[in-house]
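Novice: I'd like to go over a predicted model; first the sequence, then the structure.
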Amino acid sequence: MTSLAIRFKICGLTRAEDVAAAVSAGAAYLGFVFFPRSPRHLDIDRAAELALGVPPGVAKVALTVDADDAMLEAILARVPVDMLQLHGRESPARVAEIKARFGLPVMKAVGVADEDDLAHLDRYAGVADQLLVDAKPPPGADRPGGNAVAFDWRLVAGRRWAVPWMLAGGLTPDNVAEAVRLTGARQVDVSSGVESAPGIKDAARIAEFARALGQVRRGALPPGPPGVFSPR
Ligand SMILES: O=C(O)c1ccccc1N[C@@H]1O[C@H](COP(=O)(O)O)[C@@H](O)[C@H]1O
């Protein structure tokens, strides 16, 4: 049985050595967080420095939370970004507006805790280029993601949307293969699960995460379209 290339994103990079570890493990996407309450927050200068060190072929994703146009303009003026990840309460209309104004592919994150949340994914599937299916933050959390919390993956098992999607929330080297087998995700996103401390990635855990994905066999996944995004 052949193995299947599951694409992965390493999010919340803050150091050049962590970027190098993610690239060498084969990450398809790297995420840079612009959200001051996150321990992974970067100022624009630091983000530009890190992004300029990313080799071609690896997508650089700017994660923002309810950013206004001025903030997006400031980021994009300095940081060479390939995709925007919108991780706040942006409405479908705001997603469409950002996409039109900035001309970049947009990935909309939606928090899932129960069946009712799946309807939100359908609302965004018509406007976003890609969906990020994440866990809803726990009560009292001070950020909408990056909380090391998983949701019940059975909720999205075998689900498909009109656009590619990525699974996120509490993934680790130990559980990612099972998450992929259960959901059929062809793309996954991780932050906390490959860290030694908030904002500090662990090269060994990143490599383990990639190895775990490499062991998922093609026949182990439910059938369906690949659900993978191709950057322009
Ligand atoms: O990583 C953060 O600090 C963060 C802050 C604000 C919004 C989203 C954030 N991270 C995203 O959350 C998910 C899941 O993260 P984890 O693996 O459970 O830690 C992932 O998509 C990150 O991109």
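Specialist: Yep, that arrived. Numbering: from 1, shown residues only.
Novice: off-centre distance for the worst-scoring helix or strand of the chain on mean pLDDT?
Specialist: One helix or strand of the chain scores below all others by mean pLDDT, DSSP states H and E: helix 118-125, with a mean of 93. The chain centroid and the centroid of helix 118-125 are separated by 17 Å, computed with C-alpha atoms, centre = their mean, to the nearest Å.
Novice: can you list contacts of that helix?
Specialist: Here helix 118-125 makes contact (C-beta atoms under 8 Å, 6 or more residues apart in numbering) with 92, 95, 108, 110, 112, 131, 133, 155-156, 159, 161-163, 165. Every residue, glycine included, has its C-beta placed from N, CA and C.
Novice: for these, which PyMOL command selects only the ones that are buried?
Specialist: The following PyMOL line selects those of the contacts of helix 118-125 that are buried, judged by 16 or more other C-beta atoms under 10 Å:
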select buried, resi 95+108+110+112+131+133+156+159+161+163+165
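Novice: out of the contacts of helix 118-125, which is nearest to the ligand?
Specialist: residue 133 (9.3 Å; C-beta to the nearest ligand atom).
Novice: which ones are touching the most centrally placed residue in the chain?
Specialist: Centroid-nearest residue in the chain: residue 189, 4.2 Å away (criterion: C-alpha atoms, centre = their mean). When contacts are counted by C-beta under 8 Å, 6+ apart, residue 189 touches 8, 9, 11, 29, 31, 132, 134, 166, 167, 168, 171.
Novice: kindly recompute the last result at 10 Å.
Specialist: 7-12, 29, 31, 61, 63, 85, 107, 109, 132-134, 145, 166-169, 171 (C-beta atoms under 10 Å, 6 or more residues apart in numbering).
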